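> all I have is the shape, not the residue letters:
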C-alpha cells in the first residue's frame, strides 16, 4: 500500500467504516510508515479535541510568543 492509498482511506479508517481486510492493510502500513502514522495520530487527536469541545488556555508567555511569530510570518509573506 502506498501513502496516497492510505490517505484516501484515512477518514473511513478513523470512523471504523471499512472492512477487516482493508483495516488490516492500513494498520500494516502504519507499522512501517512513520509519516502516515503521524498524520493518523494527529488527525485522530484533532477529532477528539473537537468532539470534546475542550478549550485549552494558553499561558500568557506562550500566547505572546505565538502572536509575535504569526505577525513576523505575515510580514515576511507580504515582502515576497
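Happy to help now that I have it. Computed from a prediction, not measured in an experiment: that's the story for all the values here. Numbering: from 1, shown residues only.
> from residue 13, how far off is residue 27?
9 Å (C-beta to C-beta, to the nearest Å). Where C-beta positions appear, they are placed from N, C-alpha and C, glycine not excepted.
> the two: who's more crowded?
Between residue 27 and residue 13, counted using other C-beta atoms under 10 Å, the more crowded position is residue 13 (20 against 11).
> contacts made by the one helix or strand the more buried one maps to with the rest, please.
When secondary structure is defined by DSSP states H and E, residue 13 falls within helix 3-15. When contacts are defined by C-beta atoms under 8 Å, 6 or more residues apart in numbering, helix 3-15 is touched by residues 18, 22-23, 26, 29-30, 33, 35-36, 39-40, 43-44, 47.
> of those residues, which belong to strands?
Here DSSP state E is the test, and those give no hits in strands at all.
> I'd like those residues as CSV, with distance to residue 60 and pLDDT appended.
As requested, those are exported to CSV (distance: C-beta to C-beta, whole Å; pLDDT from 0 to 100):
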residue, distance to residue 60, pLDDT
18, 44, 93
22, 47, 95
23, 44, 95
26, 42, 95
29, 42, 94
30, 38, 94
33, 39, 93
35, 35, 92
36, 37, 93
39, 32, 93
40, 33, 94
43, 30, 92
44, 30, 90
47, 29, 84
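> same list (those) but as JSON lines, adding neighbour count and distance to residue 76.
Supplementary listing: those in JSON lines, determined by neighbours: other C-beta atoms under 10 Å; distance: C-beta to C-beta, whole Å:
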{"residue": "18", "neighbour count": "16", "distance to residue 76": "42"}
{"residue": "22", "neighbour count": "14", "distance to residue 76": "43"}
{"residue": "23", "neighbour count": "15", "distance to residue 76": "43"}
{"residue": "26", "neighbour count": "19", "distance to residue 76": "38"}
{"residue": "29", "neighbour count": "18", "distance to residue 76": "37"}
{"residue": "30", "neighbour count": "18", "distance to residue 76": "36"}
{"residue": "33", "neighbour count": "16", "distance to residue 76": "33"}
{"residue": "35", "neighbour count": "10", "distance to residue 76": "27"}
{"residue": "36", "neighbour count": "20", "distance to residue 76": "31"}
{"residue": "39", "neighbour count": "16", "distance to residue 76": "27"}
{"residue": "40", "neighbour count": "20", "distance to residue 76": "31"}
{"residue": "43", "neighbour count": "15", "distance to residue 76": "28"}
{"residue": "44", "neighbour count": "13", "distance to residue 76": "32"}
{"residue": "47", "neighbour count": "13", "distance to residue 76": "32"}
